[in-house]
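Visitor: here is a sequence together with a model predicted from it:
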Amino acid sequence: MKIEGTHELRAPRERVWQALVDPSVLQRCIPGCERLERTGEDSYAATLRTGVGAIKGVFQGSVRLEDMSVPTHYRIVVDGKGQPGFLKGAGDLDLEERDGGTVVRYAGDVQVGGTLASVGQRMIQGAAKMMAAQFFTALEAEAQVEQGDPPPRHGFFRTALRAISGLLRQIFKRH
Amino acid sequence: MARYVGQRVKRTEDPRLIKGLAHYVDDIRLPDTLHVAFVRSIYAHARINGVDAGEALKAPGVVAIFTGKDVSEKIGPVPCASALPELKVPDHRVLATDKVYFVGHPIAAVVAADAYAARDAAELLMIDYEELPAVVNAEEAAQGGAVIHEQFGSNVAYKLTAGEGDIVAALASADRRIKQRIINQRLAPVAMEPRGVLARYLPGEQELTVWSSTQIPHLLRTQLALMIGIPENKLRVITPEVGGGFGSKLNVYAEEALLGWISMQLGRPAKWIETRRENMQATIHGRGQVGEIEIGCKADGTVTGLRYNVVADLGAYHQLLTPAIPTLTGLMLSGAYKIPAIQINVTGVFTNKMATDAYRGAGRPEATYVVERAIDLVAAELGLDPVAVRRRNFPAPEEFPFKTATGLFYDSGNYEGALAKALENAGYERLREEQRAAREQGRIVGIGVSTYVEICALGPSQAMPAGGWESATVRIEPTGTVTVLTGASPHGQGQETSFAQLAADELGVDMGDVTVVHGDTAIVQYGIGTFGSRATAVGGTAVFVAIEKLKEKASKIAAHMLGTDAVNVVFAEGVFSIKETKKAAAAAGDGKAADADSDEVPEPVVPVGEGPAGALPEPETEGRKKVSIQEVALAAHLARELPPDTEPGLSATYFFEPKNFTFPFGTHIAVVEIDRETGEVKFQRYVAVDDCGRVINPMLVDGQVQGGIVQSIGQALYEEVVYDEQGQLITGTLMDYAVPRAKMIPWFELDRTETPTDVNPLGVKGVGEAGTIGATPAIVNAVVDALSPFGVRHIDMPIRPEAVWRIINSSDE
Amino acid sequence: MIPAQFDYAAPATLDEALSLLAERPDDAKILAGGHSLIPAMKLRLAQPALLIDIGRVKDLSYIREEGGQIRIGAMTTHYQLESSERLREICPLLPECAASIGDVQVRNKGTIGGSLAHADPAADWPAAIISLRAELVAVSSRGERVIAADDFFVDMLTTALRPDEVLREIRINAPGGRTGQAYMKVHHPASGFAVVGVAVSLTLGADGKCSAAGVGITGVATKAYRAAQVEGALVGSTPDEQTTASAASHAADGVDANGDIYASADYRRHLAVVYARRAIAEAVAKIK
């Protein structure tokens, strides 16, 4: 599934970029991300406990950032497996400054397999959008924090977002 | 004689089904049964670098886990019965070994104390997959790219050209030539009861019993004996109640062999009941043909030739008949028409999907769809009425047996008769007027006609991979009840009823005294099974001839009992009587009086509870002129006074070998209206006239036709098995795979003509697949007709509203 | 079905259910009919550790009139709503919507509360509930609160209910005056869910002009939504053919529509417009 979208964040591009390459920030923003451990340069091992409503699952996988071009572009490659199935995806993020804020465009291709693929087709696109929105909302909050301040609490989102991470697996899927 | 045959007798199967008292495989509970859960591939194509069962083996209740490495040397390959020249046959092991080839491909069998423990443990199995590129599109797979079975060097399993006549000349001589790409999409059979297997091995007796939801108990027994390596006479296959098959259970599956083998290994019964998701993934699919037709015609609509180049999406492995299905398409490409030159070029292609195989119609719906669309394309091209083009190309009734350019001899037919009746029932001329008026109002209305012919009663053994005959044993028990053992294996068709009707009439007994037994290889003589609209035409004929044999013997015994010769005995309504000479008739008065006399049918002997315990009453024969068949049966079993050289007992067995297929036919007419704003297709009328030869139970025939049309509606408008680009099955449940519901079904106006066949003495042709064969093109033709003002000549199935909306939205009327 | 292991509780009272839920808010699920939850459990996509069956809780299944409101217990089945003579008189949208759900078996067991709390993006009830501006009463061991329908649906399969809350009751202000209602949907041929479903409740004033309008749309986006622009265009106008069509043309304005293998996002948006117009016209026709 191809997915793409645009989010406007009310934060300067430098801050958004920093947030996007900071594993602790990513862990807080990726819905349901319980663990994001560095395994190499720009490579991480991840655990996602995620779901939408009653639909939940745990995924183990890896996240890799490639083609870094500070502060305008990187490519994120995700690979995860869990009881409900697997997800693999790669997507490009492009950051553009606009009126003091940042426009993030993402475009990717994601593959979902297993139970999720065979029963979830009608919801996958919506779930992907939902998760992307959750991610960028959290990211915006992170990017708005002045350096040195404590990070924002996404507990508020988290409840809603727990829902969402199932989407990460679904996030990029067929179209 | 016809007290039952020809009557709308209610199905005797139904009370137990409706009350929930029937026994399907899952209803059979044996003590100490182990339950099996399969771990199946979640990838379409991957190398298996390892299977770690460590955690799973520690899970509570787990008894054993078997992987491909454990079993591949011990259980023979899943069989393919199709013998085509130069067919590539991959080694199809019951569990994947080093690679998986489709989503749902079984990798391991987890055996546990109950189904929950088995499923829980299955989730703990760790499989190290290395994903490989998935081959999903059959046309592309034929061209190159990734190869599924590397040993073959390409994905082409076979190429086959068939047909007679000079197709090149035929097309060259045509006034017009029309080409059209045409698709018969993949479908899932979706029997209401999924598959299921229960196996019990008795180590002492060294006997294995396999209960399986199958259409072919005997063929399965033979194949399983070979796969597992157990003597066939130590293996018993039982098909208890089977909740539908539609061809999907005309097969031998990996799970059936595995369950038998597991029970032998562990010495305990083992059960596996397929889930619906497994059913969608790992039970055969149907159709899956992408082709191009080229048809040539004269200006008056006479068809000169038809060529069909088709790529058949076979899936990853051959199941029992996988490669053979497109050959049936080739055989039926003449449809109901005189087409002098026909050619089919099949390319069978491996893809990373479940195998395609026989699904109700099995190759013939594809052919009929191709031909009936082609005829409508000719009509559209020439601006002729599609009915007129059909009539122009029909063979006349006197041209039968009619030889086609596909090498068949159609036994009998009156295509014009069925067409005329359908047109009259539909009010075709009026419908066309109404259509014109509706179009003036801006409404989108279409009328579609299909005049199909199908090939049934499969078939002569020469044409079949494993015998085309069918068997029957008919027995009259000492107490006078009748047992019919049929080698057919009905699973919803209702032959427990129709064979009882036939036997009751032929033997002059009450239907309630007849029991039809099937689906147990330890009880029933070898048989072939139920598929290809054969059970009544071939299996019913075997019953009929067996009864004739039985009556011959009974007549001898009766004559002996009556103190006369068999030639002097007549049999009517269950009674043997001494033939009345003219003199005797005169003495008894007129003929009517004699008839009235014969109303005094002797009471059947009912020994239960009479006389001393265990003793059977003696039939009284002294000085009698009549004796009932029940009395004869008792005498045959007591065997005290049988004619010389007569074996005791009263039973007869017959194996009927048909000399040809039969070719039922008919006309289906669909009238649809399309919502201009949304593209939704709604039925206004559905009229069908089917001719399946002689009819034993009109209600069963109607039921077969209705069910078949419903499945056609499914193919035409709703159903499609969809794999995504990575080979993930995304119509994996009935939430996405749309089987038609009652409310999507119009009222069917059904009627019949009756053109008997001489292929069998009953004159029956078979009707099990007529609906799926005749209806699909009628519906699509109706939609195309409706959309013709928008310049539409063809539209692919399933016709989803969005596609129709886009056509309407983007065209100028 | 072979789900993952779970504990099962069938409390007799709501308080008991709430205290069970309060103990394990993160891994317990309420069973309220089960027509979405059970299939998800069967597929092991949902693996709640505790299933709290509120089917035996008394007084959760009712249709009452109280304080000018229709009050519906969360465990009232679709069939009970479909067959209520009283609702057919005072709020026919509810029985009409109920009748369009699934099949008879689903309607006999499935409940309005279960459906709303699950918030399937293609479920029928959310459209009706939004169009009727219903209030949803959530209860937990901490107390009770009322959530407006517009605030209830947060996102796909996600509601404003907190993990320890149970939906107890749905409250609807009984429409007064010259009100017409309609629910029209495109059934998905496999699931029976709404590809698009539009619920309309529309009231005319003495002058023949629309004095109030509620339009809820389901199936199009990740959650059911209020077609505020359609409502705005209707209120104050005379809903003739032209006004209706023009109002309905806004049915998917600003909506991020979803697509799947059956219907693309574009087609769904188009269907929303067509069915909004048809549902409004039918609602108006029912007034006269």
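Guide: Cool, the structure landed.

Visitor: for the rest of this, base every contact and every neighbour count on C-alpha atoms.
Guide: Will do.

Visitor: residues from chain A in reach of chain B?
Guide: For chain A, the residues in contact with chain B (C-alpha under 8 Å from any C-alpha of the partner chain) are A:83, A:85, A:111, A:113, A:114, A:117, A:118, A:119, A:120, A:121, A:122, A:174.

Visitor: what about those, which are in helices?
Guide: A:117, A:118, A:119, A:121, A:122 (DSSP state H).

Visitor: surely the third one meets residue B:722?
Guide: Right, residue A:119. No: the pair residue A:119 / residue B:722 is not scored as a contact, 11.9 Å apart, by C-alpha atoms under 8 Å.

Visitor: shared neighbours of these two, anything?
Guide: Counting by C-alpha atoms under 8 Å, 6 or more residues apart in numbering or on different chains, the common neighbours of residue A:119 and residue B:722 are B:730, B:731.

Visitor: more neighbours: those two, which one.
Guide: Each of residue A:119 and residue B:722 has its neighbours counted (other C-alpha atoms under 10 Å in any protein chain shown); residue A:119 has more, 22 against 19.

Visitor: without its sequence neighbours, what residue ends up closest to the more buried one?
Guide: Distances taken as C-alpha to C-alpha, 6 or more residues apart in numbering or on different chains put residue B:732 closest to residue A:119, at 5.6 Å, once the chain neighbours are dropped.

Visitor: same question, residue A:90
Guide: residue A:77 (4.3 Å).

Visitor: how long is stretch A:26-37 end to end?
Guide: Length of stretch A:26-37, first residue to last, C-alpha to C-alpha, to the nearest Å: 11 Å.

Visitor: run the contact check for it versus chain C.
Guide: No: using C-alpha under 8 Å from any C-alpha, stretch A:26-37 stays clear of chain C, coming no nearer than 13.5 Å.

Visitor: so how far is that stretch from its chain's centroid?
Guide: The chain centre lies 9 Å from the centre of stretch A:26-37; the measure is C-alpha atoms, centre = their mean, to the nearest Å.

Visitor: for the record, mean pLDDT for that stretch?
Guide: Here stretch A:26-37 scores 90 as its mean pLDDT.

Visitor: near chain B, which residues of the stretch 101-250 of chain C?
Guide: Within the stretch 101-250 of chain C, the positions near chain B by C-alpha under 8 Å from any C-alpha are C:189, C:190, C:191.

Visitor: just among those residues, which is most surrounded?
Guide: Counting by other C-alpha under 10 Å, top hit in those: residue C:189 with 23 neighbours.

Visitor: give me the nearest residue to that one, chain neighbours excluded.
Guide: Nearest in space to residue C:189, with sequence neighbours left out and distances taken as C-alpha to C-alpha, 6+ apart, is residue B:738 at 5.5 Å.

Visitor: what's the closest residue to residue B:264 other than its chain neighbours sitting at in phi/psi?
Guide: What sits nearest to residue B:264 in space, not counting adjacent residues and going by C-alpha to C-alpha, 6+ apart, is residue B:201, at 5.3 Å. Taking degrees, to the nearest 10, you get phi -100, psi 130 for the backbone angles of residue B:201.

Visitor: per-residue confidence for residue B:201?
Guide: According to the model, residue B:201 scores 98 on pLDDT.

Visitor: hmm, residue B:208 and it touching each other?
Guide: Yes: Residue B:201 sits in contact with residue B:208 when judged by C-alpha under 8 Å, with a separation of 4.3 Å.

Visitor: what sits in contact with each of those two?
Guide: Common neighbours of residue B:201 and residue B:208 (C-alpha under 8 Å, 6+ apart) are B:260, B:264.

Visitor: can you tell me which residues in chain B are near chain A?
Guide: Within chain B, the residues that sit near chain A (C-alpha under 8 Å from any C-alpha) are B:42-43, B:123, B:724, B:726, B:728-733, B:735-736.

Visitor: test my guess that residue B:653 contacts residue B:473.
Guide: Yes: when contacts are counted by C-alpha under 8 Å, residue B:653 is listed as touching residue B:473 (4.1 Å).

Visitor: which residues sit against stretch C:230-243?
Guide: C:208-215, C:244, C:246-251, C:281, C:284.

Visitor: can you give me the end-to-end distance of that stretch?
Guide: Length of stretch C:230-243, first residue to last, C-alpha to C-alpha: 10 Å.

Visitor: check stretch C:27-36 too.
Guide: End to end - C-alpha to C-alpha - stretch C:27-36 spans 17 Å.

Visitor: list the buried residues of that stretch.
Guide: Buried residues in stretch C:27-36, counted by 16 or more other C-alpha atoms under 10 Å in any protein chain shown: C:28, C:29, C:30, C:31, C:32, C:33, C:34, C:35, C:36.

Visitor: okay, and which of these map to strands?
Guide: Judged by DSSP state E, the buried residues of stretch C:27-36 include C:28, C:29, C:30, C:31 as members of strands.

Visitor: how near is the nearest residue in space to the third one that is not next to it in sequence to residue A:105?
Guide: Which is residue C:30. Distance criterion C-alpha to C-alpha, 6+ apart; nearest residue to residue C:30, sequence neighbours excluded, is residue C:52 at 4.8 Å. Separation of residue C:52 from residue A:105 (C-alpha to C-alpha): 43 Å.

Visitor: now swap in residue B:271 and tell me
Guide: 53 Å.

Visitor: of those two, which one has the most company?
Guide: Each of residue B:271 and residue A:105 has its neighbours counted (other C-alpha under 10 Å); residue B:271 has more, 32 against 16.

Visitor: skip the chain neighbours and tell me the closest residue to the more buried one.
Guide: Take residue B:271 and drop its neighbours on the chain: the residue closest to it by C-alpha to C-alpha, 6+ apart is residue B:198, 4.3 Å away.

Visitor: what comes into contact with the helix or strand harbouring the one you found?
Guide: Using DSSP states H and E, residue B:198 falls within strand B:196-202. Defining contact as C-alpha under 8 Å, 6+ apart, one finds that strand B:196-202 is touched by B:25-26, B:207-213, B:255-256, B:259-260, B:263-264, B:267-274.

Visitor: partner strands of that strand and their direction?
Guide: Note on strand B:196-202: by DSSP bridges, its sheet partners are strand B:207-212 (antiparallel), strand B:270-273 (antiparallel).
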